[in-house]
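S.K.: Generate coordinates for the sequence data below:
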Amino acid sequence: MIPSAAAPARAPRATGVANGFAIDARDLTRRFGSFVAVDHITFDVGTGEVFGFLGANGAGKTTAIKMLVGLLAPSEGVAHVAGFDIATQRDQIRRNIGYMSQRFSLYADLTVRENIRLYGGIYGLTPGQIVERTTTMLDTLGLSSNADDLVGKLPLGWKQKLAFSVALLHNPKIVFLDEPTSGVDPMTRRQFWELIYAAAARGTTVFVTTHYMDEAEYCDRISIMVDGKIAALGTPTELKEKFGAESVDDVFVRLARGATKGETA
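M.R.: The predicted structure is shown next:
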């Protein structure tokens, strides 16, 4: 793992949003029959904040994210993402967010350039915008000479950085990252976090899940879900002080050991 001391340098993040928060959830709840996957969670995320959303398998974080991105309706509670209601304004939310799934989200049988063009069209960019942003992205990632290579032939680290950049192609207000550095080497993880910090400095809110607890230390704030509830919320320093722990990993393990639910949520 990358030690916390090796965290990439970061510019000051942007602050301030029209309604106060990029994400604002109040008593957000989701039931599947008698099973409560997400149990009245309340939290907010500011513009340009890098927010870590942590939890063991079955804790409820995946279900919560599905509600926030408009894929799943809440059973109770309210939430606004980019200023839009997750229950009634899902189309507006989808136009204002980017999403990078845990499983690689680009098309392996298309070239790098073709993937960018495809997603540019899906995001509603004009042909001119697609050409301009394609050139900028390829230059930034150092992939100009690989633009016509099949994505499936790229090393995993390059694929992940490309997928992240494509998720930001339409300049979304918020980007959701689900285990974005899973399986990549330490150097690539560091480079990926440099991209995250650059996006946050431009004012993009980053909502990230990770199982690497050293990466949680890189976040402005983190929440830790246990049994469908938020068991801890604060900056990494605040949580370590509160629990008398040396690392976020120690805090996480202590809370996760108290979990009682076994179902994946």
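S.K.: Send over stretch 47-57 as CSV, restricted to the C-alpha atoms.
M.R.: Extracted as CSV, the C-alpha positions of stretch 47-57 are listed here (Å, rounded to 0.1, in the frame of the first residue of the first chain):
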residue,chain,number,x,y,z
THR,A,47,-18.6,21.2,-4.0
GLY,A,48,-15.1,20.2,-4.8
GLU,A,49,-14.9,17.9,-1.9
VAL,A,50,-13.4,14.4,-2.1
PHE,A,51,-15.8,12.3,-0.1
GLY,A,52,-14.9,8.8,0.8
PHE,A,53,-17.9,6.4,1.2
LEU,A,54,-16.7,3.3,3.0
GLY,A,55,-18.2,0.1,4.2
ALA,A,56,-17.7,-3.6,4.1
ASN,A,57,-19.5,-5.8,1.6
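S.K.: quick check, distance from it to the centre of its chain.
M.R.: Distance of stretch 47-57 from the chain centroid (C-alpha atoms, centre = their mean, to the nearest Å) equals 7 Å.
S.K.: packing partners for the host helix or strand of V208?
M.R.: Assessed by DSSP states H and E, V208 sits inside strand 205-209. On a contact count with 3 or more C-beta pairs under 8 Å, 6 or more residues apart in numbering; DSSP states H and E, strand 205-209 meets strand 50-55, helix 61-68, strand 174-178, helix 186-201. C-beta: built from backbone N, CA, C; applies to glycine.
S.K.: Could I get the buried residue list for the last one?
M.R.: What that stands for is helix 186-201. Of all the residues in helix 186-201, those buried under the rule 16 or more other C-beta atoms under 10 Å are 188-193, 195-197, 199-200.
S.K.: ok, now stretch 230-241?
M.R.: Buried-residue list, stretch 230-241, by 16+ other C-beta under 10 Å: 230-233, 236, 239-240.
S.K.: Which members of the residues you listed are positioned in strands?
M.R.: Members of the buried residues of stretch 230-241 lying in strands (criterion: DSSP state E): 230-233.
S.K.: want to throw the residues you listed into CSV with pLDDT and distance to F176?
M.R.: Formatted as CSV, these follow (pLDDT from 0 to 100; distance: C-beta to C-beta, whole Å):
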residue, pLDDT, distance to F176
I230, 97, 17
A231, 96, 21
A232, 96, 21
L233, 97, 18
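S.K.: Mind jotting down where the strands sit in the stretch 1-150 of the chain?
M.R.: Taking DSSP state E, counting those that start in this stretch to define them, one finds strands in the stretch 1-150 of the chain at 23-32, 35-45, 50-55, 76-81, 84-85, 97-100.
S.K.: Sheet partners, orientation included, of the second one?
M.R.: Meaning strand 35-45. Take DSSP bridges as the rule and strand 35-45 pairs in its sheet with strand 23-32 (antiparallel).
S.K.: Convert the C-alpha atoms of the partner strand to CSV, please.
M.R.: Coordinates of each C-alpha in strand 23-32 appear next as CSV, following Å, rounded to 0.1, in the frame of the first residue of the first chain:
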residue,chain,number,x,y,z
ILE,A,23,-25.1,16.1,-2.3
ASP,A,24,-27.6,16.5,0.5
ALA,A,25,-29.3,13.3,1.9
ARG,A,26,-31.8,13.3,4.8
ASP,A,27,-33.0,10.0,6.3
LEU,A,28,-32.4,8.2,3.0
THR,A,29,-33.8,4.7,3.3
ARG,A,30,-34.2,1.7,1.0
ARG,A,31,-36.0,-1.5,1.9
PHE,A,32,-36.2,-4.8,0.0
